[in-house]
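Chemist: sequence? don't have it. structure:
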C-alpha cells in the first residue's frame with residue numbers, strides 16, 4: 001500500500017460500462033489546529049464533488065484516510 005502521508009488519486013475505469021471515475025484523498029492541517037481529510041470524487045474530466053471531515057489530531061485523520069483507501073480499493077479503484 002502507498003505511503004498515506006501524501007495525496008492519493010484513485011481511478012476506476014470500465015469502458016464496457018462507460019465508467020470513468022476518480023477519488024482523491026489528502027490530509028491537510030486547518031487554521032484552527034485540526035486536521036481535515038479532503039475528499040474529491042466524480043467522473044474523470046470533471047471537477048467532481050468534494051467533502052471535508054475534521055479530526056482533532058493527525059493520527060485519527062490518517063487512520064480515516066487509510067480506511068477510505070482500503071474501502072475504495074475493494075470496490076475496484078486503483079492508484080493512478
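Modeler: Received the coordinates, thanks. Here the structure is a predicted model, which means the values were calculated and not measured.

Chemist: only C-alpha atoms from now on, for both contacts and neighbour counts.
Modeler: OK.

Chemist: and the most centrally placed residue in the chain, what does it touch?
Modeler: Ranked by distance to the mean C-alpha position of the chain (Cα atoms, centre = their mean), the top residue is residue 25 at 2.5 Å. Shown in contact with residue 25 (Cα atoms under 8 Å, 6 or more residues apart in numbering): 7-9, 37-40, 65.

Chemist: helix or strand right after the top strand by length along the chain?
Modeler: Across the chain, the longest stretch assigned as strand under DSSP state E is strand 19-29. Using DSSP states H and E, the next helix or strand after strand 19-29 towards the C-terminus is strand 35-43.

Chemist: can you list the strands that that next one pairs with?
Modeler: For strand 35-43, the paired strands and their directions (DSSP bridges) read strand 19-29 (antiparallel), strand 49-55 (antiparallel).

Chemist: any idea how far residue 48 is from the residue of the chain positioned farthest from its centre?
Modeler: Distance to the chain centre peaks in the chain at residue 16, reaching 24.7 Å (criterion: Cα atoms, centre = their mean). The spacing between residue 16 and residue 48, counted by Cα to Cα, to the nearest Å, is 22 Å.

Chemist: kindly report the same for residue 19.
Modeler: 14 Å.

Chemist: isn't residue 13 up against residue 19?
Modeler: Yes: using Cα atoms under 8 Å, residue 13 is in contact with residue 19, at 5.4 Å.

Chemist: who has more neighbours, the two?
Modeler: residue 13 (16 against 13; other Cα atoms under 10 Å).

Chemist: and the more buried one, bridged to which residues?
Modeler: residue 20.

Chemist: next up, the contacts around it.
Modeler: Here residue 13 is in contact with 19-21 (Cα under 8 Å, 6+ apart).
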